[in-house]
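**Student:** Task: produce atomic coordinates for the following.
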Amino acid sequence: MRDAIRRVRVFGRGEPAEELTAGLRSRFEPLGLRVEQVSEHAPDAFAVRLPGPAAVSPALTLALRRLDRQPVRLEFLPPKISRWKQFADKYASRKLAWSGAAAGAVVGLVALAFGVQQIQLLRWQARWDAMRQPVAEIDALQQQIKQFRPWFDESFRSLTILQRLTEAFPEDGGVTAKTVEIRGTGAVTCTGTARDQQTLYRALDRLRAASEVRDVKVDQIRGRTPMQFTINFRWSGPATL
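**Tutor:** Below you'll find the model as predicted:
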């Protein structure tokens, strides 16, 4: 409708008509509509020629439009609604009510599910708070067990390996160990010092004589007196002291 309308006319005289024209002009002119006030009819404004300028009035305007054969429709009765439209509106509103009720039921079920879940979370949280301290203590004990587990092995493997090394080294201190590394797979690395090469080789022969020791190898020898050495061997099985 705005594309088809280009001009807005206000028929009337006096201050009310002027205020209405000014108000419409401030609203419609930015939209590209021309607003003008008609306070009197020109003699040639209609097909019926007037004897002179005539003051605007509702009765005169309707009469001139009628004589000018312009359609004037005045409807004072409410619009007539067909029975089909009344039936459709009735059941459409009922359907809308059912849809609203169903949506409300879904929302209620979702809220109930969340409520039950929240109650369960609170219950489990309370149980966890009650056992938090004992769990922390047990976890600390497990960490200590993991750290010191080789020393609590029932086979005493680590102590047995140290015993075999001690038995292989001479009692006069000709061969001494600085570090002993025992891996979980049974590989053992020992670093130390020896008085001379012959003393070291005799100690290695005694170590090879142990039934649990396999693959004794000398990785490195440095210096002469005293000499530094690194040996590797594999522990083949459990033993007890």
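**Student:** By mean pLDDT, point me to the weakest helix or strand of the chain.
**Tutor:** Lowest on mean pLDDT, DSSP states H and E among the helices and strands of the chain sits strand 54-55, with a mean of 68.
**Student:** and the following helix or strand past that strand, average pLDDT?
**Tutor:** Past strand 54-55, further along toward the C-terminus, the next helix or strand under DSSP states H and E is helix 58-67. What helix 58-67 shows for mean pLDDT is 71.
**Student:** What is the burial count for residue 37?
**Tutor:** 18 (other CB atoms under 10 Å). Heads up, the C-betas are built off the backbone N, CA and C, glycines and all.
**Student:** Give the partner strands of the helix or strand containing it in its sheet and their orientations.
**Tutor:** Take DSSP H and E as the rule and residue 37 turns out to sit in strand 34-38. Taking DSSP bridges as the criterion, strand 34-38 sits next to strand 7-11 (parallel) in its sheet.
**Student:** mind listing what residue 8 touches?
**Tutor:** Contacts for residue 8 were tallied using CB atoms under 8 Å, 6 or more residues apart in numbering; they are 24, 28, 33-36.
**Student:** What count of nearby residues applies to the nearest residue to it once chain neighbours are set aside?
**Tutor:** Taking CB to CB, 6 or more residues apart in numbering, and ignoring the residues beside it in sequence, residue 8 has residue 35 as its nearest neighbour in space, at 4.7 Å. By the other CB under 10 Å criterion, the neighbourhood of residue 35 contains 18 residues.
**Student:** what do you get for residue 167?
**Tutor:** When neighbours are counted by other CB under 10 Å, residue 167 registers 13.
**Student:** Skipping adjacent residues, who's closest to it in space?
**Tutor:** Using CB to CB, 6+ apart and skipping residues adjacent in sequence, the residue nearest residue 167 is residue 206, 7.0 Å away.
**Student:** could you point out which element follows whatever helix or strand that neighbour lives in?
**Tutor:** Assigned by DSSP H and E, residue 206 belongs to helix 197-208. Following helix 197-208 in sequence order, the next helix or strand is strand 213-222 (DSSP H and E).
**Student:** that older thread, enumerate every residue touching the residue nearest to residue 8.
**Tutor:** If a contact means CB under 8 Å, 6+ apart, then residue 35 has 7-10, 21, 24-25, 28-29 as its contacts.
**Student:** Check which element follows the lengthiest helix in the chain along the chain.
**Tutor:** Across the chain, the longest stretch assigned as helix under DSSP state H is helix 83-148. For helix 83-148, the following helix or strand on the C-terminal side (DSSP H and E) is helix 157-168.
**Student:** Report the angle between that following helix and helix 197-208.
**Tutor:** Our comparison of helix 157-168 with helix 197-208, counting by axes from the mean of the first three to the mean of the last three CA atoms, to 10 degrees, yields an angle of 140 degrees.
**Student:** Return the distance of the spatially most central residue of the chain relative to residue 127.
**Tutor:** What sits nearest the mean C-alpha location of the chain, by CA atoms, centre = their mean, is residue 114, with 18.7 Å. Going from residue 114 to residue 127 by CB to CB, to the nearest Å gives 21 Å.
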